[in-house]
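Novice: take a look and give me a structure for this.
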Amino acid sequence: MTMEIKKVLSLSSLFILCNLISKSFQQGLEYNDEINDEIDNEIDIGKSSKFNNTNKKKYINDIIFGNQLLKNECCDKQFIKCLGTTITEINAPNEKLSGSLSSTLGDITSLETINLSSNYLTGTIPKTFIKLTQLKTLYLYDNEITDTLPIYLGNLSQLEKLYLYNNNINGEIPGSIGNLKNLSYLLLGNNKLSGSIPESIGFLRSIITLSLNTNKLTGEIPKSIGKLKTLENLNLENNKLSGNIPESISDLEKLKILFLNNNKFSGSIPKSFEKLTNIEELYLNENNLSGVLPKSLSTLNNLHLFYVNDNENLYGYVIENENIIDCDYSNTKICYLEKSTACRSGALPCTKELINKIEEISRNGITEEDIEKEVENNEESNIQDEEESQQDIEEELELEIDDTLDV
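Specialist: Just a heads-up that it's a prediction; the model follows:
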C-alpha cells in the first residue's frame, strides 16, 4: 500500500487534525440505503466548507479515531458527536476513506453509532469491537471488507441495525447472531457468505428486515424462521438454497415482501401461504418448484406483485386476484381460462389437455415424468455450481498472486 493511502484509524497527528476538523468542516454528510425510509433523517448537517475539495479529501482520509478521542477533543457535531463529554457517534459515510479499521475504535466503549459506509475500507472488523457493548448501529456497507463474520458479534446485545452488505465477507453466518435480541435490521447481502442459515436465526425476535441475498448460502431454510413474528421483509434471493419451502414461513403474519427467487427450491408452494394476509410482493421465480399453484392465493388482497416464472414443472391456473398489477408465469405450465381478467403475463391459454393434467396432479400429486425432469434440472444445476466454484477458486488465486506481487 502506498504512502498516500493512509490507515483510516491511525494514531498520528490527532490534536492538530481534530482542531482542523472542528474549526473548518461544515460539510454535509448524507447517505442513501437500499431500504427506503429506514435511515432517513439520521444525519442532517448543513453544507458549507472553508476547504477546497482536495484539502477536504486529504484531511477526511486522515481522520483519527484513536484512544485520545476519549479526551473529547474531536466532538465537532458532524463527524463525531458527543453527549456531554462522552463520544456516542462516528459518522463519515461516502468520504473516500481508505485503509483498515483500527483496533483502537473498540476502546471508545461509549459508541452507539458507527457509520463508515460507502468508502474504500479493507481488512477485517477488529476483534476489539467486542467491547462496544453500547453499540446500536453499525453501518459498514459498500466497502471492501474481507474475512469472516466475527463470532463476537453476538455479544453486542444492544445492536439494532447491522448493515454489512456490498463487501467481500466470506465464511458462514455464526450461530451467535441469534443472541441479538434487539436487532431490527440485518443486511448481509452481496457478499460471499457460504454454508447454511443457522437455526438460531429464529431467536431474532425484534427483526423487521432480514436480507441475505446474493451470497453462496446452501441447504434448507430453517423452520425456526417462522418464529420471527415481527419480520416484514425477507430477502434470500440469488443463493443456492434447496429443499422445500418451509410451511413455517406462513406463520410470518407481518410479512410484506418475500424474495426466494433464483435458488434451488423444489416441491410445492405451500397452500398455507394463504395465511400471509399482509404480503404485497412474492418472488418465487427461477427455482425447481412443482405441483399445482394453490388457488387460495387469490384471497391475498394486499398482493400486487407475483412472480413464479421459470419453474418448468409448476402447473395450475393464474391467480384470480384483481389486486395483482404485475406478474410473470412464463416457462411454467400455468394457464388462464378464457373468461379470466386477472394478470396473466407469460401464462399459457388453457387447453383441454393441460386442464386434465392439472386435475390429475391435483388428485395424485406430481407425476413420474415431472420427477424425472426435476432430477434432470437438479443435475444441470449441480454441474453449473461446480463450474462456478472452480471459477471462484481461480479468481481468488489470481487475487492472492496480485497481492503478493504488490508486496
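
Novice: so which bits of stretch 225-237 are buried?
Specialist: For stretch 225-237, burial by neighbour count (16 or more other Cβ atoms under 10 Å) applies to 225-228, 231-237. No exception for glycine: its C-beta is placed from N, CA and C like everyone else's.

Novice: by mean pLDDT, point me to the weakest helix or strand of this protein.
Specialist: The weakest-scoring helix or strand in the chain, judged by mean pLDDT, DSSP states H and E, is strand 25-26 (a mean of 30).

Novice: Ser345 in helix, strand or coil?
Specialist: Following DSSP: H, G, I helix; E, B strand; the rest coil, the label given to Ser345 is coil.

Novice: what is the neighbour count of it?
Specialist: Per other Cβ atoms under 10 Å, the neighbour tally for Ser345 reads 14.

Novice: same question, Asn364
Specialist: Neighbours around Asn364, by other Cβ under 10 Å: 8.

Novice: quick one, phi psi at it?
Specialist: When read as degrees, to the nearest 10, the backbone of Asn364 gives phi -110, psi 0.

Novice: contact partners for the nearest residue to Thr86 once chain neighbours are set aside?
Specialist: Take Thr86 and drop its neighbours on the chain: the residue closest to it by Cβ to Cβ, 6 or more residues apart in numbering is Ser110, 4.6 Å away. Ser110 sits next to 86-88, 134 when contact means Cβ atoms under 8 Å, 6 or more residues apart in numbering.

Novice: quick one: the strands in the stretch 51-200 of the chain?
Specialist: For the stretch 51-200 of the chain, applying DSSP state E, counting those that start in this stretch gives strands covering 80-83, 86-91, 98-100, 113-115, 120-122, 137-139, 161-163, 170-171, 185-187, 192-195.

Novice: of all the ones you listed, which lies closest to Leu149?
Specialist: Nearest to Leu149 among the strands of the stretch 51-200 of the chain is strand 170-171; the distance by Cβ to Cβ comes to 6.5 Å.

Novice: what sits up against that closest one?
Specialist: Counting by Cβ under 8 Å, 6+ apart, 146-149, 191-195 sit against strand 170-171.

Novice: so where's the stretch 251-400 of the chain shaky on pLDDT?
Specialist: Along the stretch 251-400 of the chain, segments meeting pLDDT under 70 span 366-400.

Novice: again, only using 90
Specialist: 364-400 (pLDDT under 90).

Novice: what does the stretch 51-200 of the chain give?
Specialist: Scanning the stretch 51-200 of the chain for pLDDT under 90 picks out the ranges 51-87, 90-92, 95-108, 147.

Novice: one more time with 50, if that's ok
Specialist: The stretch 51-200 of the chain contains residues with pLDDT under 50 at 51-52, 54-72.

Novice: just checking, Gly175 touches Gly202?
Specialist: No. Look at Gly175 against Gly202 with Cβ atoms under 8 Å: they stay out of range, at 11.1 Å.

Novice: neighbour count winner among the two?
Specialist: Neighbours per residue, other Cβ under 10 Å: of Gly175 and Gly202, the larger number sits with Gly202, 18 against 14.

Novice: where does the more buried one sit: helix, strand or coil?
Specialist: Gly202 - assigned by three-state DSSP - is helix.

Novice: contacts only, for it.
Specialist: Contacts of Gly202 (Cβ under 8 Å, 6+ apart): 178, 222-228.

Novice: endpoints of stretch 152-160, how far apart?
Specialist: 15 Å (Cα to Cα, to the nearest Å).

Novice: ok now that stretch, how far from the chain's centre?
Specialist: Mean C-alpha position of stretch 152-160 versus that of the full chain (Cα atoms, centre = their mean, to the nearest Å) differs by 18 Å.

Novice: most remote residue from this structure's center?
Specialist: Lys352 (44.0 Å; Cα atoms, centre = their mean).

Novice: number of residues surrounding Pro134?
Specialist: Not quite, residue 134 is Gln, not Pro. Using other Cβ under 10 Å, Gln134 is surrounded by 17 other residues.

Novice: sorry, that was for Asn356
Specialist: 10.

Novice: that one should be in a strand, yeah?
Specialist: No. Asn356 sits outside any strand when classified using three-state DSSP, being helix.

Novice: against Glu320, how distant is it?
Specialist: Distance of Asn356 to Glu320, given as Cβ to Cβ, to the nearest Å: 20 Å.

Novice: repeat for Glu95
Specialist: 52 Å.

Novice: between these two, which has more neighbouring residues?
Specialist: Neighbours were counted for Glu95 and for Glu320 using other Cβ under 10 Å; Glu95 has more, 22 against 18.

Novice: list phi and psi for that one.
Specialist: Main-chain torsions, Glu95, degrees, to the nearest 10: phi -120, psi 20.

Novice: so it sits against Asn119, correct?
Specialist: Yes. Glu95 lies in contact with Asn119 (Cβ under 8 Å); the separation is 6.2 Å.

Novice: which ones among the buried residues of stretch 225-237 are found in strands?
Specialist: Judged by DSSP state E, the buried residues of stretch 225-237 include 233-235 as members of strands.

Novice: just put those in JSON lines and tack on distance to Lys271 and pLDDT.
Specialist: Shown next, in JSON lines, are those (distance: Cβ to Cβ, whole Å; pLDDT from 0 to 100):
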{"residue": "Asn233", "distance to Lys271": "23", "pLDDT": "98"}
{"residue": "Leu234", "distance to Lys271": "19", "pLDDT": "98"}
{"residue": "Asn235", "distance to Lys271": "23", "pLDDT": "98"}
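
Novice: let me know the closest of those to Ile245.
Specialist: The closest of these to Ile245 turns out to be Leu234 (Cβ to Cβ; 11.5 Å).

Novice: all helices for the stretch 251-400 of the chain, in order.
Specialist: Ranges of helices within the stretch 251-400 of the chain are 352-364, 368-406, based on DSSP state H, counting those that start in this stretch.

Novice: and the strands in the stretch 201-350 of the chain?
Specialist: 209-211, 216-219, 233-235, 240-244, 257-259, 264-267, 281-283, 288-292, 305-307, 313-317, 326-328, 333-336, 348-349.

Novice: adding distance to Tyr163, write those strands out as a markdown table.
Specialist: Below are the strands of the stretch 201-350 of the chain laid out as a markdown table (distance: least, Cβ to Cβ, whole Å):
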| stretch | distance to Tyr163 |
| --- | --- |
| strand 209-211 | 9 |
| strand 216-219 | 18 |
| strand 233-235 | 13 |
| strand 240-244 | 22 |
| strand 257-259 | 17 |
| strand 264-267 | 27 |
| strand 281-283 | 21 |
| strand 288-292 | 31 |
| strand 305-307 | 25 |
| strand 313-317 | 35 |
| strand 326-328 | 29 |
| strand 333-336 | 37 |
| strand 348-349 | 42 |
